[in-house]
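In: the following comprises the amino acid sequence and a computationally predicted model.
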There are 2 protein chains.
Amino acid sequence: MVEETGFSLDTLRYYERIGLLEPVERNAVGQRRFSDHDLGWLGMVRCLRDTGMPIAEMLRFAKLVRNGEHTIPERITLLESHDRDVEAQIAQLREKQDAIKRKIHHYRDVVALSGTPVSCQAAEAGSR
Amino acid sequence: MVEETGFSLDTLRYYERIGLLEPVERNAVGQRRFSDHDLGWLGMVRCLRDTGMPIAEMLRFAKLVRNGEHTIPERITLLESHDRDVEAQIAQLREKQDAIKRKIHHYRDVVALSGTPVSCQAAEAGSR
DNA sequence: ATTTCACCTGGAGTGCACTCCAGGTCAAGC
DNA sequence: GCTTGACCTGGAGTGCACTCCAGGTGAAAT
């Protein structure tokens, strides 16, 4: 029920244990109640995690957040650096994706050639 | 010296062990000599790996390649599916990157506001 | 009253993709 | 003639980010 944070319960406990999430409030029977504040932070964590930031760096960021507003310039620096990483990741994915697309086209050509009746000098082209 | 494949020696040995690379030719003293064929395949492996394909699926692909030309339609299917995965990855990265950029802008605003002399009703806005 | 359910705890285990280690071989350089 | 360096082997170890487990609690449903 309280996994509408988008993370599994185990993951949330893990994050709390390692300090990526500060101790979460509990209700009368000791169950975690995530505040809007927690949910907001988890949204940030999700962004960072899904863009490949390692937990160690998220912890650095978390520490800055805990240390108050005067760390904002540092947080900006950290996020800007990460943003550049993400940009590089995207560029790299695009590049490799292009190569994959080229391979697909190559395969299509091979199939097209070997599929032609018996004409041309094809049929054996594009092999090993 | 033979790591101009772009992979570490250990990684190459690992790939050979698990069958992602078929047994590599050796020179007189038993050292690996990567053929152009190997290098071409490793280039493909690099593309797939760097776009997040798990090794298990690369093994599936490797098997298709080994089984000859009649598996080309299947290879196309596999690569097309992976291409769609990559597209989705990029879209997701872009989406999260936007959120990160928004966060950066938000922080910039906070800094700008708290930095203004003493005017406006600012200075305390956007905290938490 | 008891089964079900959603949570709790500390700690152990998992899966992935490497990466390292100890001990060994050969060729080349000083 | 010995060290250096690049490679070899099988097998063990690593780091990351979870994920699972056994045993337990309290509220809710049958």
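Out: Here it is on my side, so go on.

In: stretch A:73-90 close to chain B?
Out: Yes - if you take CB under 8 Å from any CB of the partner chain as the test, stretch A:73-90 does meet chain B, through A:73, A:75-76, A:79-80, A:82-83, A:86-87, A:89-90. Where you see a C-beta, it was placed from the backbone N, CA and C, and this is true even at glycine.

In: make a PyMOL selection of the buried ones in those residues.
Out: Command for PyMOL that selects the buried part of those, burial taken from 16 or more other CB atoms under 10 Å in any protein chain shown:
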select buried, chain A and resi 75+76+79+82+83+86+89+90
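
In: from the residues of stretch A:73-90 next to chain B, pick the one nearest DNA strand C.
Out: Nearest to DNA strand C among the residues of stretch A:73-90 next to chain B, counting by CB to the nearest atom of the strand, is A:Gln89 at 15.9 Å.

In: how much space between that closest one and A:Ala99?
Out: Taking CB to CB, to the nearest Å as the measure, A:Gln89 falls 16 Å from A:Ala99.

In: quick one on the thing from earlier: ok, the residues of stretch A:73-90 next to chain B vs B:Arg17, which is closest?
Out: A:Gln89 (29.0 Å; CB to CB).

In: for the closest one, give me the pLDDT.
Out: For A:Gln89, the pLDDT comes out at 98.

In: that one in helix, strand or coil?
Out: Classification of A:Gln89 by DSSP: H, G, I helix; E, B strand; the rest coil places it in helix.

In: check contacts around the one residue sitting closest to the centre of chain A.
Out: With distances taken as CA atoms, centre = their mean, chain A has A:Asp50 as the residue nearest its mean C-alpha position (2.1 Å). Residues counted as contacts of A:Asp50 (CB atoms under 8 Å, 6 or more residues apart in numbering or on different chains) are B:92-93, B:96.
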